[in-house]
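K.L.:
next comes the sequence, and after it the predicted model I'd like to discuss.
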Amino acid sequence: MMIANKIGIAVTVRAHEEIIIRFIDYHLSKDIDEIYIFFDDPSFNQNIIKFENDKRIFFILCDEYYWNKLNNYRFDQTSLVEKPLGIEQRQFSNYEYARRTSSCGWMANIDIDELIYSPYALKFFLNILPINYFSIRMRSKEAVYTSHIYENDIFNTYFFKSNNKLNEKNSMKFYPEILCSNSGFWGHKLGKILARTTEPLRHIGNHYLFPLSDDLIVDVEFDFLFLLHFEGLSEKYFIEKQIRRINNDVVVQRLAKNERARLNYFSEKYIAGGEEKLKELYHLMHVFEGNRFEDAIKLGFIEKIDFKNKYKKFDLYLEDFHFSTLSYSVDLNKVVSNKSQKINVFLLQFVIQQEKKGILFFVDCNGVYIGLASDGVNLKANDSVFTKVFDIISLNDFLVIKNKDSYLISQKNGVVKFNSKNLGNWELFEIKN
């Protein structure tokens, strides 16, 4: 039976066991409900004893029987009884297999060197999103190391390259031009997708996922939900990976132009100096030490993220321009601006197609998240499956909340309504915690 707010992940893998174990342990600690591990090379990976009795973990050997009999989902011209040639096509087929098999309402297709991160519980977002919101985009942050690490320790760093416009220029301060075509990111910047499993797909890709229905909202982005990408792995794994690609031992069909140029550059270095040159490239690309590290921190090129910490309570509540907290009145069944009320109104902000949106909600005495909607004037508890989504406009250090052609106003007498047509101080709000 499918459960709406359960979260699953699918990963197609050829990796050493210690990495797989740490990947699983991390995601179980973040309340991921099901993890599908597809062993792309059954001669390299088999079931892991530590998790053999864990009903949340599914190990699938992608052998001849699997491709002939079990998985008949294909997204290219490959026969339904054959193994797709390209690794991406195998990932897509495996992801669809997991989507159709899982009891989870949401599923992400990620790699073994990627960890889903948010300081807040993921299920919190899913519980209050409208049901016509199909997918969430998790933007990448790419790991760097401050010293040499060993193979079983690839997740042992707290420093990541920030994914922003400024760093498109800053990357030139740390890398030669041939390595700067993607702002110093060696993997992807777009991140990956967490999507509902109940909707049939029109198109599937590593970084894009589109449902069959055009009525659904795709690519919702929260500014606190990321995919942490440990692209560098370790010196040993980096060298193994590049040599396999240089020798065409793994077929990657969809390399971007800049990635192809970079692979050719690696190949030239390898031919000229063997593994020693690849070691030099690894340390240049992935290890920040001494003054180079300090400069990167000062410029904001890299940032610290304590991704192993426990979830924080979501507590971003709204305060109006006159320092009164927006609260929900149980007696009046509406939002008021009144310091005597105990139930704060929270704002969950996100972006859809570069437009800021927000959902207003409160938490009742039983810990249930309840969305708020406008009846045209008042903000009331909304028991509909469609939670009202409002437009959010940033004004200096404040924000404005808009519903169609009306602004939310918080008046001195405690009245809160969606009936203002002109912006003034009473329409300005701040996020507090």
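P.N.:
Nice, I can see it.
K.L.:
show me where the protein has helices.
P.N.:
Listed in chain order, the helices found in the chain under DSSP state H are 17-29, 64-65, 87-101, 122-128, 166-170, 235-246, 257-273, 275-286, 290-299.
K.L.:
and stretch 348-358, C-alpha only, in CSV?
P.N.:
Provided in CSV are the C-alpha atoms of stretch 348-358 (Å, rounded to 0.1, in the frame of the first residue of the first chain):
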residue,chain,number,x,y,z
LEU,A,348,7.2,28.0,4.4
GLN,A,349,8.9,29.8,1.5
PHE,A,350,9.9,28.2,-1.9
VAL,A,351,10.5,29.1,-5.5
ILE,A,352,8.7,28.0,-8.6
GLN,A,353,10.1,29.1,-12.0
GLN,A,354,12.0,31.9,-10.2
GLU,A,355,8.9,33.2,-8.5
LYS,A,356,8.8,33.2,-4.7
LYS,A,357,5.8,31.5,-3.1
GLY,A,358,4.7,30.7,0.4
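K.L.:
low-confidence ranges, the protein, go.
P.N.:
1, 250-256, 339, 383, 385-386 (pLDDT under 70).
K.L.:
report the spatially closest residue to the residue nearest the centre of it, excluding sequence-adjacent ones.
P.N.:
Residue closest to the mean C-alpha point of the chain, counted by Cα atoms, centre = their mean, is residue 138 at 2.3 Å. Among residues not flanking residue 138 along the chain, residue 227 sits closest, at 4.2 Å (Cβ to Cβ, 6 or more residues apart in numbering). Where you see a C-beta, it was placed from the backbone N, CA and C, and this is true even at glycine.
K.L.:
wait, isn't that neighbour in contact with residue 139?
P.N.:
Yes: if you go by Cβ atoms under 8 Å, residue 227 and residue 139 touch, sitting 6.9 Å apart.
K.L.:
now do the shared contacts for those two.
P.N.:
The contact sets of residue 227 and residue 139 overlap at residue 191 (Cβ atoms under 8 Å, 6 or more residues apart in numbering).
K.L.:
looking at the two, which is more packed in?
P.N.:
Between residue 227 and residue 139, counted using other Cβ atoms under 10 Å, residue 227 has the larger neighbour count: 25 against 17.
K.L.:
list the contacts of that one.
P.N.:
110, 114, 115, 116, 117, 138, 139, 140, 141, 191, 192.
K.L.:
gap between the third one and residue 99?
P.N.:
In this case it means residue 115. 21 Å (Cβ to Cβ, to the nearest Å).
K.L.:
now the strands for the stretch 1-150 of the chain?
P.N.:
3-13, 34-39, 57-61, 104-109, 114-117, 135-144 (DSSP state E, counting those that start in this stretch).
K.L.:
quick one, which of the ones you listed gets closest to residue 371.
P.N.:
strand 3-13 (14.3 Å; Cβ to Cβ).
K.L.:
buried residues in the closest one?
P.N.:
For strand 3-13, burial by neighbour count (16 or more other Cβ atoms under 10 Å) applies to 5, 6, 7, 8, 9, 10, 11, 12, 13.
K.L.:
wait, residue 108 sits on residue 196?
P.N.:
No: if you go by Cβ under 8 Å, residue 108 and residue 196 don't touch, sitting 11.2 Å apart.
K.L.:
on that earlier part again, make CSV from the contacts of residue 227 and add distance to residue 361 to it.
P.N.:
Supplementary listing: those in CSV, determined by distance: Cβ to Cβ, whole Å:
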residue, distance to residue 361
110, 28
114, 30
115, 28
116, 23
117, 23
138, 22
139, 24
140, 28
141, 27
191, 25
192, 26
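K.L.:
just give me the closest of the residues you listed to residue 258.
P.N.:
Among the contacts of residue 227, and counting by Cβ to Cβ, the member closest to residue 258 is residue 140, at 15.3 Å.
K.L.:
bridged to that closest one, which residues?
P.N.:
Judged by DSSP bridges, the bridge partners of residue 140 are residue 227.
K.L.:
run a quick neighbour tally on it.
P.N.:
21.
K.L.:
surely it touches residue 191?
P.N.:
Yes: using Cβ under 8 Å, residue 140 is in contact with residue 191, at 4.5 Å.
K.L.:
joint contacts of these two?
P.N.:
Joint contacts of residue 140 and residue 191 (Cβ under 8 Å, 6+ apart) are 226, 227.
K.L.:
now do the same contact list for the nearest residue to residue 376 once chain neighbours are set aside.
P.N.:
Counting by Cβ to Cβ, 6+ apart, residue 418 is the residue found nearest to residue 376 once chain neighbours are left out, at 7.2 Å. Residues counted as contacts of residue 418 (Cβ under 8 Å, 6+ apart) are 374, 376, 377, 378, 379, 403, 406, 407, 408, 409.
K.L.:
out of the residues you listed, flag the one nearest to residue 297.
P.N.:
For these, the nearest to residue 297 is residue 408 (38.9 Å; Cβ to Cβ).
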